[in-house]
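Trainee: let me see the structure of the following:
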Amino acid sequence: MPSPRETILTALFARLSTLPATALRGEVLPERVPAEGLLVLRDGEPGEPEITLSPLRYHYQHRVEVEAVVQGADRDAAFDTLCASIGVAIAADRTLGGVCDWVEAEAPRPVDLPVEGAASLKAGIVPVVLHYTLSHTL
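Mentor: I've put the predicted structure just below:
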């Protein structure tokens, strides 16, 4: 049986997989970027929880990263569309089907990456914060 953390990460990955871009989890960047873009979910850090007593609860603000990558002539617009679609997908169900207390995406941190002999990549990291509470530590 998967841990609550893994259940939440799996639900987030399933949500990202509904987007037109190819979604991967914890993979290295492939040699080719699909025309519709690429998303790579990185599991991130749950960090130190805040603790409340009576009843004992551990409140996590787990930061994960979604790497968004596009390539092509109109990469600025494609990158913007891809990042916006991440926000829309998350806003559609902020509890990921009830497995998480709250999910929020932050603004992307974009960067242009030159590729020798090919069209440049536009990539960025979209931080996503998963808020959840457990009765035990991870």
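
Trainee: quick check: pLDDT value at the residue of the chain most remote from its centre.
Mentor: For the chain, the residue at maximal distance from the C-alpha centroid (C-alpha atoms, centre = their mean) is residue 54, at 32.9 Å. As predicted, residue 54 sits at a pLDDT of 90.

Trainee: low-confidence ranges, the chain, go.
Mentor: 117-118 (pLDDT under 70).

Trainee: sort out which residues of the longest helix anywhere in it are buried, please.
Mentor: If you go by DSSP state H, the chain has its longest helix at helix 75-91. Residues of helix 75-91 classed as buried: 75, 78, 79, 82, 83, 85, 86, 87, 89, 90 (neighbour count, 16 or more other C-beta atoms under 10 Å). In this view, the C-beta of every residue, glycine as well, is placed from N, C-alpha and C.

Trainee: can you lay out those residues as JSON lines showing distance to residue 131?
Mentor: Formatted as JSON lines, these follow (distance: C-beta to C-beta, whole Å):
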{"residue": "75", "distance to residue 131": "32"}
{"residue": "78", "distance to residue 131": "30"}
{"residue": "79", "distance to residue 131": "27"}
{"residue": "82", "distance to residue 131": "24"}
{"residue": "83", "distance to residue 131": "21"}
{"residue": "85", "distance to residue 131": "22"}
{"residue": "86", "distance to residue 131": "17"}
{"residue": "87", "distance to residue 131": "16"}
{"residue": "89", "distance to residue 131": "17"}
{"residue": "90", "distance to residue 131": "12"}
